[in-house]
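Compute the structure for the input listed below.
(chains A and B)
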Amino acid sequence: NAGVTQTPKFQVLKTGQSMTLQCAQDMNHNSMYWYRQDPGMGLRLIYYSASEGTTDKGEVPNGYNVSRLNKREFSLRLESAAPSQTSVYFCASSATGQSLQPQHFGDGTRLSIL
Amino acid sequence: AQSVAQPEDQVNVAEGNPLTVKCTYSVSGNPYLFWYVQYPNRGLQFLLKYITGDNLVKGSYGFEAEFNKSQTSFHLKKPSALVSDSALYFCAVTPRGSSNTGKLIFGQGTTLQVKP
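Model (predicted):
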């Protein structure tokens, strides 16, 4: 029962470096999401993909790009990392539709940018 | 702007006592409402949701939540707290409608501390 798998679990970057956070789900869900979690701010949506082949911006998309590689995989890329992007990043997936289903979350990627 | 508020950063209760974690929302229409729990170094786990019907919703681990439309609230409750309930709790909402993509708006979270 893997659910939502995120890699890596931890990463330290220097300002200006780039990296891609990987996410894969094995529940055949249509929708996938990327959030960042910062203390006292809850989770904020960065990007989401309602279905394979579509992506759209969330609340805080600046500095990020995403790729919905296929139905299973949804990656998040930081092109030029900044210290303000130090955060915990969560990927989630759900089976959306008229009967709204809850989101399933990975265990997160803890990213520090120096 | 649509928002979710959890007015308490932390709630402290003694084991065996009832607990309440508060949530109010400002979202147009009749949104879907959710509670999630997060344990240290883990992702969020779904507890319960309100879609329609009975205002008292039962969920996982003995938790329940009471929906109040007039007060736009969705408070999380449990009759008897356990030490193992200690965690970070998030209220979340998503608007209804044909354009619904399941995007969630989260509150800032409430830390529940249950003491033996």
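
can you list the residues of chain A near chain B?
A:4, A:31, A:33, A:40-45, A:48, A:50, A:56, A:58, A:90, A:92, A:94, A:96, A:99-108 (Cβ under 8 Å from any Cβ of the partner chain). To be clear about C-beta, it is placed using only N, CA and C from the backbone, and glycine gets the same treatment.

so A:P61 touches A:Y47, yeah?
Yes. Using Cβ atoms under 8 Å, A:P61 is in contact with A:Y47, at 5.8 Å.

With neighbour numbers in mind, choose between those two.
Neighbour count, other Cβ atoms under 10 Å in any protein chain shown: between A:P61 and A:Y47, A:Y47 has more, with 22 against 16.

Can you select the buried ones among the residues of chain A next to chain B for me in ChimeraX?
The ChimeraX command for the buried members of the residues of chain A next to chain B (criterion: 16 or more other Cβ atoms under 10 Å in any protein chain shown) is given here:
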select /A:4,31,33,42,43,44,45,48,50,58,90,92,94,96,100,101,102,103,104,105,106,107,108
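
Need the nearest residue in space to the residue of chain B found nearest chain A, chain neighbours excluded.
Among the residues of chain B, B:G43 lies nearest to chain A; the distance is 3.3 Å by Cβ to the nearest Cβ. Excluding its sequence neighbours, the residue lying closest to B:G43 (Cβ to Cβ, 6 or more residues apart in numbering or on different chains) is A:F105, at 3.3 Å.

so what's the residue in chain A that chain B sits nearest to bridging to?
Nearest residue of chain A to chain B (Cβ to the nearest Cβ) works out as A:F105 at 3.3 Å. With DSSP bridges as the criterion, A:F105 is bridged to A:A92.
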